[in-house]
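J.: any chance you could fold what I've pasted below:
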Amino acid sequence: LNAPDKLLYTCRLLRKALGTTPSIVVTGQTEQLAALNSMLWQFSAEDFIGHCWLQQPAPASQQQQHLMQCARVWLSSSPLPCLRPHLLVNLAEQPCAGFEQYQRLIELVGASQAEHDSAQSRLLYYSERGYTITRHGLQTATYLHAAARNRILSMYLSYKKYVLKYITRQMPHLHSTIPR
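T.: Model (predicted):
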């Protein structure tokens, strides 16, 4: 919940999930997938996220079939044609047909009220079918990150004061040359 930039967060999620998940399918609108495809190519030089975009339902060439077999991340407007059902990431506004075949499903929800309302109806759809829903809000993580940053800054400033006091006492002739 509350992803300020869903596609950027999707890139981060994919990078992290690839450490523990054999295969991931990302489904959504064609425009979303095109933008995500572009972002994945540019996301991180150190952590390239290799992926395959299944754009057409038409039979793939032999080279495309090989790429599909090797890829661990697939972008597809429908999760049905995918080979290994481990994790499904849904960016679409409606529940995915065929989500039942996946071991896990992640619904990414933006910060707008419209996205929250849409997500609520999808979560209701899943829970009516007997699936357990676990919510993860991003505001909490952001707050904790900011709190940790503030604590580190506070510790640094306290340490800087301590060092300045020590230098002032022990080496008074250097006191005037220290930047503050």
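J.: check the gap between the spatially closest residue to residue 100 that is not a sequence neighbour and residue 27 for me.
T.: Nearest non-adjacent residue to residue 100, counting by C-beta to C-beta, 6 or more residues apart in numbering: residue 129, 7.9 Å away. For the C-beta atoms, the positions are set from N, CA and C on the backbone; glycine is no exception. From residue 129 across to residue 27, the span is 18 Å (C-beta to C-beta, to the nearest Å).
J.: ok, those two, which is more surrounded?
T.: Remark: of residue 129 and residue 27, residue 27 carries more neighbours, 24 against 10, as counted by other C-beta atoms under 10 Å.
J.: any idea what that one is bridged to?
T.: Counting by DSSP bridges, residue 27 forms beta bridges with residue 76, residue 90.
J.: just checking, residue 11 is part of a strand?
T.: No - assignment of residue 11 by DSSP: H, G, I helix; E, B strand; the rest coil gives helix, placing it outside any strand.
J.: what's around the residue lying closest to it once chain neighbours are set aside, how many residues?
T.: Distances taken as C-beta to C-beta, 6+ apart place residue 43 nearest to residue 11, at 4.5 Å, with adjacent residues excluded. Residue 43: 19 surrounding residues under other C-beta under 10 Å.
J.: same question for residue 32.
T.: Number of residues near residue 32 (other C-beta under 10 Å) recorded here: 19.
J.: what sits against the residue nearest to it when sequence neighbours are not counted?
T.: Distance criterion C-beta to C-beta, 6+ apart; nearest residue to residue 32, sequence neighbours excluded, is residue 91 at 5.1 Å. When contacts are counted by C-beta atoms under 8 Å, 6 or more residues apart in numbering, residue 91 is found next to 6, 7, 10, 26, 27, 28, 29, 32, 33, 36, 108.
J.: please indicate which of the residues you listed are buried?
T.: Buried by 16 or more other C-beta atoms under 10 Å: 6, 7, 10, 26, 27, 28, 32, 33, 36, 108, out of those.
J.: can you pull the phi/psi pair for the last one?
T.: It refers to residue 108. The phi/psi pair for residue 108 (degrees, to the nearest 10) reads phi -90, psi 130.
J.: is it in contact with residue 3, as I believe?
T.: Yes - counting by C-beta atoms under 8 Å, residue 3 is a contact partner of residue 108 at 5.6 Å.
J.: mutual contacts of these two, please.
T.: Counting by C-beta under 8 Å, 6+ apart, the contacts common to residue 108 and residue 3 are residue 9.
J.: could you dump the buried ones among the contacts of residue 91 to a markdown table with pLDDT and distance to residue 122?
T.: Formatted as a markdown table, the buried ones among the contacts of residue 91 follow (pLDDT from 0 to 100; distance: C-beta to C-beta, whole Å):
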| residue | pLDDT | distance to residue 122 |
| --- | --- | --- |
| 6 | 87 | 14 |
| 7 | 91 | 18 |
| 10 | 92 | 16 |
| 26 | 93 | 16 |
| 27 | 92 | 12 |
| 28 | 92 | 13 |
| 32 | 93 | 15 |
| 33 | 94 | 18 |
| 36 | 95 | 19 |
| 108 | 86 | 11 |
